[in-house]
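Novice: Next come a sequence and a model predicted from it.
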Amino acid sequence: MNLAQSFQRAQNAFQGGDLWTASRVCDDMIKRAPGHPDVLHLMALVCKRQGQISQAEKYFNASLRSKPKQPAVLSNLGNLLKQNRRYPEADQAYARALKYKPDLSDAWYNRGLMAHAQGRWAQAIVYLEEARKLGNNINVELALVNAYRDAGEHDKAQELADTMAARNPGNVRVVACAASVRRKRAPEEALKILEAELSRTADPATIHYEIGLIHSDRKDFDQAIEHFEAALREQPTMIEAHRSLNEVYWQLEDERFLQSYRTAIEQVPDFAPLYHNLAAAHISSGDDESAVDVLIEGLSRAKRDPRLVHALATRKLRKEEFDIAEQLLYEVLQADPDNLRYLIDCANLLITTERYDRASEHLARALAIQPYHQEVWAYQGVVWRLSGDPRHDWLNDYDTLLKTYELPTPAGFHGIGSFMDELAAYLPTLHTAIRQPLDQSVRNGTQTFDTLFDNPHPLIGALKSGVETVLAEYLAAMPRDEKHPFYCRMGNATRFTGNWSIILRSGGHHTNHIHPYGWLSCCNYIALPPLKNGKGRDRSGWIKFGETSLQLGKREQVARAIRPEAGKCVFFPSYFWHGTYPFESERPRMTVPCDIDPA
């Protein structure tokens, strides 16, 4: 078989999903023609599909060394780098691809998606509009609608969504898009669009789900439940509907909580995501034993799905059944060696069992794939502290990186106290949940779900402005260090990536956690119960830093603890471990945390 025939065989195998054959044939061709750019490119795509991220990058770069001016290879390399949040490198790859082929629609599209993910709305619009000029593509236009909406250009978003709906009658994704742009601003219009489509659609599950979301937003929970359940009758494997339905049941303390998963499992007993999500819900609700039972059941009925194997490993780790956990973790890691979640949890096991050098090896591999992953850096700091490595103090430089500021008093208020009093009266009106959300660090409290700083209320705008003021002061005081994962990302602009309101009741607290999707985090204190000054070691209601979620016993360390004050805020890198001490009081603990990224 000559090289052309072998290449065709490998390509056919890749397109047919037979990655083992594709990889084997490519490997043979590389031995016969080591520098062939097309063979190296195909091998890179095979490795990427297999989850072998490091190998994929190696082969993309080898192909480009052999033949630098390959726009398709550069674009695919950009996609790989984007997937791992290596945005500056990805942008360079896309730019080079477009230099050689300005009409490469995929490069414009994916560059636009990346800019959107970074919060660069205006740039995302530019790139996506370039992609749209090259042909009407539904994926491009849907992304452009989202970019317009997030940039605040709501009229453009609605106009494009309506144009798409007129051009693509009956396309459920387009109909859902036309409704979604109205979901917050004109929910009645959104409902009319969806209800009109319901009678003629070939995909009623999606329409029912979208209707359910609108009713859930409006706290019309009976209607939300009705439509989520209708969606699941049509499509029992719709995981999003299970999650939304059971979040409502959880908040309402409804006895039907999690029953939808059981009903679906009876219908589709070999669908692994049902077991995985049911187990996750049990864990979030504090029922670890039921979670383990579900995972074992899933492994017996849904084959040996790696997601279930991994989830069971984490439960065994939590129960200190280390030998079983290690066996399961290395089973999934062998099958998917570049999976960040698997690498991180293997490192957790090795930290817990005091094998710090091996833990560092796994974390180094993870950082090679995604250099700014906040959770990886959090665990790297733990390894360095426990092994006596001075790099811990370089990474977790509490004296420099952990800062408290008083927020400025907005115009029209006599002092920050009077502003916080008004804000504390307003924020509870946004909390309609009864219980803490299922998948957050909050215990015995409630949290808002929408992006708080998008709220047009003047009090929220004033708070956001105040945070921006002290944020600039914080960043101006930071040193520069191109090797440091926090300092090296400092630039000329930032953006808020998440912000929400939390109200803790008596006995409430935050479990120890980090913020995996931030770079810099800030907690703003709105109203507080009476707090002691720390004498006698009573730190009820304080925020603490350094103690992990690994439950390391005597190896844990609270590096810093701060007594909050209403009207002040605390800044810290998102990879800093933090939690709070429980408190007992009739007065709530009210905060507005936020995450910030370089823009």
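Specialist: Cool, got the structure. Numbers count the residues shown, from 1 in each chain.
Novice: Which residues does stretch 168-179 contact?
Specialist: 138, 142, 145, 158, 161-162, 164-165, 190-191, 193-194, 197, 200-203, 206-207, 210, 214 (Cβ atoms under 8 Å, 6 or more residues apart in numbering). Every residue, glycine included, has its C-beta placed from N, CA and C.
Novice: Give the buried residues for it.
Specialist: Going by neighbour count (16 or more other Cβ atoms under 10 Å), the buried part of stretch 168-179 is Asn168, Asn171, Val172, Val174, Val175, Ala176, Cys177, Ala178, Ala179.
Novice: Among these, which are located in helices?
Specialist: Those of the buried residues of stretch 168-179 mapping onto helices are Val172, Val174, Val175, Ala176, Cys177, Ala178, Ala179, per DSSP state H.
Novice: pLDDT for these - can I get that in CSV?
Specialist: Shown next, in CSV, are those (pLDDT from 0 to 100):
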residue, pLDDT
Val172, 94
Val174, 95
Val175, 95
Ala176, 94
Cys177, 95
Ala178, 94
Ala179, 94
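Novice: Report the contact partners of the closest residue to Asp254 other than its chain neighbours.
Specialist: Spatial nearest neighbour of Asp254, chain neighbours left out: Val248 (7.6 Å); criterion: Cβ to Cβ, 6 or more residues apart in numbering. Listed by Cβ under 8 Å, 6+ apart, the contact set of Val248 reads Ser216, Phe221, Ala224, Ile225, Phe228, Asp254.
Novice: List of residues touching the longest helix along the chain?
Specialist: Longest helix in the chain by number of residues (criterion: DSSP H): helix 458-476. Outside helix 458-476, the residues that touch it by Cβ under 8 Å, 6+ apart are 403, 405-408, 410, 419, 422-423, 426, 452-453, 490, 494, 496, 499, 520, 522, 524, 569, 571, 592, 594, 596.
Novice: Next: stretch 270-287.
Specialist: Applying Cβ under 8 Å, 6+ apart, the external contacts of stretch 270-287 come out as 237, 239, 242-243, 246, 250, 257-258, 261-262, 264-265, 268, 288, 290-292, 294-295, 297-298, 301-303, 305, 307-308, 311, 315, 438-439.
Novice: which of the residues in the longest helix of the chain are buried?
Specialist: Buried positions in helix 458-476, judged by neighbour count with 16+ other Cβ under 10 Å: Leu459, Ile460, Ala462, Leu463, Lys464, Gly466, Val467, Val470, Leu471, Tyr474, Leu475.
Novice: wait, which of those residues is closest to Arg183?
Specialist: Top of the list for closeness to Arg183, among these and by Cβ to Cβ, is Ile460 at 19.5 Å.
Novice: gap between the closest one and Phe419?
Specialist: 12 Å (Cβ to Cβ, to the nearest Å).
Novice: got it, and Ser285?
Specialist: 37 Å.
Novice: So for the two, which sits in the more crowded spot?
Specialist: Phe419 (24 against 16; other Cβ atoms under 10 Å).
Novice: picking up where we left off before, and the ones in helices among the buried residues of stretch 168-179 as a markdown table, adding distance to Leu278?
Specialist: Listed next are those as a markdown table, based on distance: Cβ to Cβ, whole Å:
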| residue | distance to Leu278 |
| --- | --- |
| Val172 | 26 |
| Val174 | 32 |
| Val175 | 30 |
| Ala176 | 26 |
| Cys177 | 30 |
| Ala178 | 33 |
| Ala179 | 29 |
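Novice: Spell out which helix or strand contains His227, please.
Specialist: Secondary structure from DSSP states H and E places His227 in helix 221-234.
Novice: buried stuff in that helix?
Specialist: Residues of helix 221-234 classed as buried by neighbour count (16+ other Cβ under 10 Å): Phe221, Ala224, Ile225, His227, Phe228, Glu229, Ala230, Ala231, Leu232, Glu234.
Novice: For the last one, which non-adjacent residue is closest in space?
Specialist: Among residues not flanking Glu234 along the chain, Ala205 sits closest, at 3.9 Å (Cβ to Cβ, 6+ apart).
Novice: give me the element Ser300 is part of.
Specialist: Assigned by DSSP H and E, Ser300 belongs to helix 288-301.
Novice: got the contact list for that helix?
Specialist: 269-270, 272, 274-276, 278-280, 282-283, 305, 308-309, 311-312, 315, 318-319.
Novice: Report the buried residues of that helix.
Specialist: Neighbour count says helix 288-301 has Ser290, Ala291, Val292, Val294, Leu295, Glu297, Gly298, Leu299 buried, by 16+ other Cβ under 10 Å.
Novice: how far away is the residue nearest to the fifth one when sequence neighbours are not counted from Asn246?
Specialist: By the measure of Cβ to Cβ, 6+ apart, the closest residue to Leu295 outside its immediate chain neighbours is Leu312, 4.4 Å from it. Taking Cβ to Cβ as the measure, Leu312 falls 21 Å from Asn246.
Novice: Which pLDDT value belongs to the nearest residue to Ala151 once chain neighbours are set aside?
Specialist: Among residues not flanking Ala151 along the chain, Trp121 sits closest, at 3.5 Å (Cβ to Cβ, 6+ apart). Model confidence at Trp121, expressed as pLDDT, equals 87.
Novice: re the thing from before, ok, which pair from the buried residues of helix 221-234 is furthest apart?
Specialist: Phe221 and Glu234, at 20.4 Å, using Cβ to Cβ across the buried residues of helix 221-234.
Novice: hang on, the earlier thing: take the buried residues of helix 458-476 and write them to a markdown table, including pLDDT and distance to Ala117.
Specialist: Formatted as a markdown table, those follow (pLDDT from 0 to 100; distance: Cβ to Cβ, whole Å):
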| residue | pLDDT | distance to Ala117 |
| --- | --- | --- |
| Leu459 | 97 | 30 |
| Ile460 | 97 | 24 |
| Ala462 | 97 | 29 |
| Leu463 | 97 | 25 |
| Lys464 | 97 | 21 |
| Gly466 | 97 | 27 |
| Val467 | 97 | 22 |
| Val470 | 97 | 26 |
| Leu471 | 97 | 21 |
| Tyr474 | 97 | 24 |
| Leu475 | 97 | 22 |
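Novice: Serialize the residues you listed to TSV and add fields for distance to Leu363.
Specialist: Listed next are those as TSV, based on distance: Cβ to Cβ, whole Å:
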residue	distance to Leu363
Leu459	42
Ile460	38
Ala462	41
Leu463	36
Lys464	35
Gly466	37
Val467	32
Val470	32
Leu471	29
Tyr474	27
Leu475	27
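Novice: Quick check: of those residues, which lies closest to Gly112?
Specialist: Among these, Lys464 lies closest to Gly112 (Cβ to Cβ), at 26.4 Å.
Novice: Phe496 versus the closest one, what's the distance?
Specialist: 8 Å.
Novice: where do the contact lists of those two overlap?
Specialist: Counting by Cβ under 8 Å, 6+ apart, the contacts common to Lys464 and Phe496 are Phe453.
Novice: and the residue sitting nearest the centre point of the chain, helix, strand or coil?
Specialist: Centrality entry for the chain: nearest residue to the mean C-alpha point is Tyr517, 5.7 Å, by Cα atoms, centre = their mean. Classification of Tyr517 by DSSP: H, G, I helix; E, B strand; the rest coil places it in coil.
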